[in-house]
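Undergrad: can't give you the sequence, but here's the structure:
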């Protein structure tokens with residue numbers, strides 16, 4: 001049974017920003033990025049539990065060719081995407097690793113925003 005993907009609005013914006021960056025920096029590469037995203041999205045929809053838990057109930061799905069990760073939780077038959085981060089954000093701030101801050105908290109620490 002396939003899971004439905006739902007996105008936090010900021011996660012959608014993060015995906016759009018990554019796509020736009022590749023479009024601007026290397027036209028044509030954005031299509032490769034999007035195709036890899038669709039492959040990963042399909043894997044999450046088909047078997048979200050194949051991806052490791054990294055903190056609490058949050059799982060991480062890594063892109064293979066691009067330095068991005070999708071952070072999501074499983075809620076019933078829905079995979080809820082909390083964030084899509086570039087690996088440099090994760091490494092620089094040490095977030096979203098086992099025992100560390102969850103993606104929503106990391107997003108706000110990185111951006112300096114409060115809920």
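TA: Now that the structure is in, tell me what you want to look at. A quick note: this is a predicted structure, and the numbers were derived from the prediction, not measured.

Undergrad: Centre-most residue in this protein?
TA: The centroid of the chain falls nearest to residue 70 when counting by Cα atoms, centre = their mean (1.9 Å).

Undergrad: Could you pull out the helices in this structure for me?
TA: 9-25, 29-46, 87-93, 103-111 (DSSP state H).

Undergrad: Comparing those by mean pLDDT, which bottoms out?
TA: The minimum mean pLDDT among these belongs to helix 103-111 (a mean of 49).

Undergrad: related to what we said a few turns ago, would you list the helices of the chain in a markdown table and tack on mean neighbour count?
TA: C-beta: built from backbone N, CA, C; applies to glycine. Formatted as a markdown table, those follow (neighbours: other Cβ atoms under 10 Å):
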| stretch | mean neighbour count |
| --- | --- |
| helix 9-25 | 15 |
| helix 29-46 | 15 |
| helix 87-93 | 14 |
| helix 103-111 | 17 |
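
Undergrad: mind checking which of these is nearest residue 65?
TA: With Cβ to Cβ, the closest approach to residue 65 among the helices of the chain belongs to helix 29-46: 5.6 Å.

Undergrad: what's in contact with the closest one?
TA: Contact partners of helix 29-46, identified using Cβ atoms under 8 Å, 6 or more residues apart in numbering, comprise 2-5, 15, 18-20, 22-23, 50-51, 61, 63-66, 70, 72, 79.

Undergrad: That helix vs helix 9-25, what angle?
TA: 150 degrees (axes from the mean of the first three to the mean of the last three Cα atoms, to 10 degrees).

Undergrad: Okay then, goodbye and thanks.
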